[in-house]
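Visitor: sequence and predicted structure below; questions after.
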Amino acid sequence: MPDASGRLYYKNNRVKQLRAFCYTAQAGSISRAAERLFLSQPSVSLQIQALEREMEITLFERRGPKIRLTPDGKALYELALPLVDGIDALPARFAERHQTLQRGRLDIAAGESSTLYLIPDLLKDYLDRYPNSPVKLHNLVGADMLSALRNDEVDFAIGSMLELPDDIAYRAVYSFDTSLILPYGHHLADKDRIELNDLASEELILPPRHLTTWRLVNLVLQQHDIPYEVRLEVGGWEIMKAYVERGFGIGIASNICITGRDELVVKPLPSVFPRRTYGVMWRRGRFLSPQAKRFIELMQPGFFDDPGMDRETEVRGDNRVFVPSAGATGAD
């Protein structure tokens with residue numbers, strides 16, 4: 001605000017003036033206040049004089065080398081000291097609050113495949129590095145996952161998306177081929193190269209229809225007029241592998257679940273089956289907490305360095321690209 005001379009006193013100068021005034025009042029000496037402020041004595045005197053001119057009051061009585069507060073000075077000191085103390089304590093208080101934010105709980109939504117095959121090693125690394133930051137995994141898929149993201153019940157989600165609503169951002173991090181899994185002794189187990197026609201009329205074991213894998217398999221086989229029969233719909237990859245091992249049928253699975261420890265024959269499928277991407281989903285406009293960013297950076301170092309594509313929704317094969325429309329979603 002302007003004074004009688006038309007000069008402006010800016011907020012940063014006001015803080016300096018009040019600090020010089022309060023330190024002088026506490027020390028009872030301009031020279032000792034200057035030492036505490038690492039300033040020259042004339043600088044402190046000028047700040048106090050500027051404050052007196054602006055307030056149109058006298059703050060100190062000067063009796064030789066000693067000074068003491070006037071009644072106006074005492075009134076201003078009572079008002080100004082909490083402000084100065086608060087500003088001076090701000091860095092320490094912020095550091096304390098920042099440490100609290102750094103240690104906050106991390107909530108991650110993920111389907112079964114991400115929880116079983118992607119997250120364990122990442123989670124171990126994260127908890128080893130940040131033992132004071134607890135994590136809660138929310139086993140969610142489809143509409144439930146979207147609802148949790150939209151309502152900020154989770155920090156982010158990890159999974160595979162076929163269709164993406166406009167209010168959800170997705171960035172692919174991992175990519176997996178799709179394979180045919182067979183029990184030992186199956187008549188296709190010794191075939192060198194699997195063709196689409198080899199799947200005709202075979203009894204398939206697939207995940208539930210609302211998940212991405214079922215929809216992609218159905219899309220590919222229908223586009224190529226391959227008749228097929230779904231003998232079993234099961235709730236996850238591990239169940240699928242168990243029933244394939246027992247001879248109930250054959251499965252079409254993302255390589256995310258192929259561990260090499262299963263009693264199965266694994267055959268590459270034709271390239272018309274697109275690679276499956278798994279990545280990170282979050283609500284557009286959401287502020288990602290420090291712990292969320294740290295976890296995501298473990299998935300892909302430099303993830304936040306390139307702000308380019310935050311809506312990478314294409315699911316790619318060698319020769320085909322499926323670009324889904326916004327709407328319902330499936331996630332494994």
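Guide: Yes, it's here. Residues are numbered from 1 along each chain as shown.
Visitor: let me know the secondary structure of the nearest residue to Gln223 once chain neighbours are set aside.
Guide: Spatial nearest neighbour of Gln223, excluding adjacent residues (C-beta to C-beta, 6 or more residues apart in numbering): Val272 at 7.9 Å. For the C-beta atoms, the positions are set from N, CA and C on the backbone; glycine is no exception. Recorded secondary structure, Val272: coil (DSSP: H, G, I helix; E, B strand; the rest coil).
Visitor: show me what counts as buried in the longest helix seen in the chain.
Guide: Longest helix in the chain, counting residues (DSSP state H): helix 71-102. Using 16 or more other C-beta atoms under 10 Å as the burial criterion, the residues of helix 71-102 that qualify are 73, 76-77, 80, 84.
Visitor: for stretch 270-277, same thing?
Guide: The neighbour-count check on stretch 270-277 (16+ other C-beta under 10 Å) flags 270, 272-277 as buried.
Visitor: okay, that stretch in PDB with CA atoms only?
Guide: The C-alpha coordinates for stretch 270-277 follow below in PDB (Å, rounded to 0.1, in the frame of the first residue of the first chain):
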ATOM      1  CA  PRO A 270      -0.300 -66.500 -34.800                       C
ATOM      2  CA  SER A 271       0.500 -62.800 -34.900                       C
ATOM      3  CA  VAL A 272      -3.100 -61.800 -35.400                       C
ATOM      4  CA  PHE A 273      -3.400 -62.300 -31.600                       C
ATOM      5  CA  PRO A 274      -2.400 -58.800 -30.400                       C
ATOM      6  CA  ARG A 275       0.200 -58.300 -27.700                       C
ATOM      7  CA  ARG A 276      -1.200 -57.500 -24.300                       C
ATOM      8  CA  THR A 277      -0.100 -54.300 -22.700                       C
END
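Visitor: helices of the stretch 101-250 of the chain, start to end?
Guide: With helices called from DSSP state H, counting those that start in this stretch, the stretch 101-250 of the chain shows them at 112-113, 119-129, 142-150, 212-223, 237-245.
Visitor: ok and the next helix or strand along the chain from the last one relative to helix 237-245, angle-wise?
Guide: Towards the C-terminus, the helix or strand next in line after helix 237-245, according to DSSP states H and E, is strand 250-254. Orientation of strand 250-254 against helix 237-245 (axes from the mean of the first three to the mean of the last three C-alpha atoms, to 10 degrees) gives an angle of 150 degrees.
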